[in-house]
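Colleague: fold the following.
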Amino acid sequence: MPAPARTSIDAIVRAAADLLEADGPAGLSMQAVGARVGVRAPSLYKHVSGRGALVRLVAEDAARDLGERLDASAPFGTPPKEALGAAARALRSFAHERPAAFRLVLSPAAEEDRLDPETARRSSAAVVRIAAELAGPEHALEAARTLTAWASGFVAMELAGAFRMGGDVDAAFEFGVERIADALAG
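Modeller: Below is the predicted model of the structure:
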């Protein structure tokens, strides 16, 4: 009779996400995850094929979390410019709460580390919808990419401490949100 599982894939992904935030990508090892969930590293292979697969699961979990936050921030029926601001602030909040997950989801990745297309589509659905409402359905993808590039670039610079010229970074973010909304609504 096989021994009962002493952990679950959900516990493993949560432990890996916590390690990623605490110690960065270098601290995310099978041994460290095993220690967090109370099993030896070889036991993890019953649930996940290796570190690469584990990182991909963490990225997919983070993308789902971000997508849920974006959806909740800008429900259907919210005026488009208001929705864009709420979604941009939700992205920024996610990045401040989970900076390593933010980098994992919104940074360039090798082909084998990219989110599967369906997870990427679901996690970005709110942004594409808002972009379509602002720029028109024929420009939804271009508008969504413009918004995402600006917001993720701004937040990445903010997290890196790159804004060193003084001034109010919150006000600069809101300025950018307003200008992007106006430009997309054109």
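
Colleague: using CSV, write out every CA atom in the lowest-mean-pLDDT helix or strand in the chain.
Modeller: Ranking every helix and strand in the chain by mean pLDDT, DSSP states H and E puts helix 41-44 at the bottom, with a mean of 90. This file holds the C-alpha atoms of helix 41-44, laid out as CSV (Å, rounded to 0.1, in the frame of the first residue of the first chain):
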residue,chain,number,x,y,z
ALA,A,41,13.3,17.3,-2.1
PRO,A,42,13.0,13.9,-4.0
SER,A,43,9.3,13.6,-2.8
LEU,A,44,8.5,16.8,-4.7
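
Colleague: who are the packing partners of that helix?
Modeller: Counting contacts by 3 or more CB pairs under 8 Å, 6 or more residues apart in numbering; DSSP states H and E, helix 41-44 packs against helix 30-37. C-betas here are computed from N, CA, C, even on glycine.

Colleague: re earlier: what residues does the least confident helix or strand of the chain touch?
Modeller: The contact list for helix 41-44, computed with CB atoms under 8 Å, 6 or more residues apart in numbering, reads 6, 7, 12, 29, 30, 31, 33, 34, 37, 54.

Colleague: for the residues you listed, which single residue is the most surrounded?
Modeller: residue 33 (28 neighbours; other CB atoms under 10 Å).

Colleague: what's the first helix or strand after the helix of greatest length in the chain?
Modeller: Secondary structure of the chain per DSSP state H: the longest helix is helix 51-73. Downstream of helix 51-73, the next assigned helix or strand under DSSP states H and E is helix 80-97.

Colleague: what's the angle from that next one to helix 51-73?
Modeller: Helix 80-97 and helix 51-73 are oriented at 140 degrees to each other (axes from the mean of the first three to the mean of the last three CA atoms, to 10 degrees).
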